[in-house]
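# Show me how the following folds:
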Amino acid sequence: MAELLELDSRSFERRLADRPLVIVPVGALEAHGPHLPLGADQIQAEVTARALADRVGAIVAPTIPYGVCFGARNFPGTVDVPMGVFARYVEAVLSDLARHGVTKLLVLSGHAAREHIAALRGAADATMRAVPSTKVAVLSDYDFVYERRGQDAPVSDGHAGLLETSRVLAMRPGLVGAQRPSGVRGGSPFVPGPPSPSDWSESVAGDTRPASAELGARVQAYVLDRLEATVRELWTD
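Coordinates of the predicted model:
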């Protein structure tokens, strides 16, 4: 594993001869209840990207730290970047990596909001159209975390809930507060705009009381196995 920001220009150029996978972690600055840090998505994306890179010999690019956080925009600390602005920025980053000869790009987002992922996929599509020799995959680690719902957590578990709290406990326990909130995100999906305070009084969906670092480590091991298998399937050469 190598960190792109730690490589000099010529070392990076030499590494390109081996056609390495470059992982671009994507986070968000977003409220995660009274118990998790605003940067929980970034923390998870970075830890996961580095662990995956160790397994597959990838290079980890600097993290894109902000994202589209429409649903939690009314909670203090959330930075919600408009979809169009975010997509153009990500496209510029990916396209310039491709311009320099990166042919394998994995955009790994710790934030899984629908609008956020749609913007990332739009940016990836535009990059591949501009530089056809580059293949870009976009996914969130939560594509695999939520496969554990119904097994390690209730099927209703969600944002800043049991699974996410447990993962952050496993990764950065010193940043997890003592509170273990329980919440339900209400409101109609057919009504535009973020949920009202009465629909979602705290940015938590799920019961965090059973959260543990042990559960988080077990879920993270599952996620890494699924990610490694996915990467090897996408890039068989």
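
# Could you check how far the residue nearest the centre of the chain is from Gly187?
Central residue of the chain (C-alpha atoms, centre = their mean): Gly110, 1.6 Å from the mean position. From Gly110 across to Gly187, the span is 24 Å (C-beta to C-beta, to the nearest Å). No exception for glycine: its C-beta is placed from N, CA and C like everyone else's.

# Likewise for Ala98?
Ala98 sits at a distance of 40 Å from Gly187 (criterion: C-beta to C-beta).

# Pick out whichever of those two has more residues nearby.
The neighbour count for Ala98 versus Gly187, taken as other C-beta atoms under 10 Å, is higher for Ala98 (22 against 14).

# Pretty sure that one sits against Pro132.
No - with contact defined as C-beta atoms under 8 Å, Ala98 does not reach Pro132; the gap is 9.5 Å.

# quick one, phi psi at the residue nearest to the centre of the chain?
When read as degrees, to the nearest 10, the backbone of Gly110 gives phi -80, psi -10.

# Secondary structure element holding the closest residue to it other than its chain neighbours?
Nearest residue to Gly110, sequence neighbours excluded (C-beta to C-beta, 6 or more residues apart in numbering): Ala45, at 3.3 Å. Using DSSP states H and E, Ala45 sits within helix 40-56.

# about what we covered before: next, the contact list for the residue nearest to the centre of the chain, please.
25-28, 40-46, 48, 140-142 (C-beta atoms under 8 Å, 6 or more residues apart in numbering).

# what's the pLDDT at it?
We have a pLDDT of 98 for Gly110.

# and the gap between it and Ala178?
For Gly110, the distance to Ala178 equals 23 Å [C-beta to C-beta].

# same thing with Asn74?
Distance of Asn74 to Ala178, given as C-beta to C-beta: 25 Å.

# out of these two, which sits in the more crowded spot?
Asn74 (16 against 6).

# pretty sure that one is touching Gly193, no?
No - applying C-beta under 8 Å as the test, Asn74 and Gly193 come out as separate, 9.3 Å apart.
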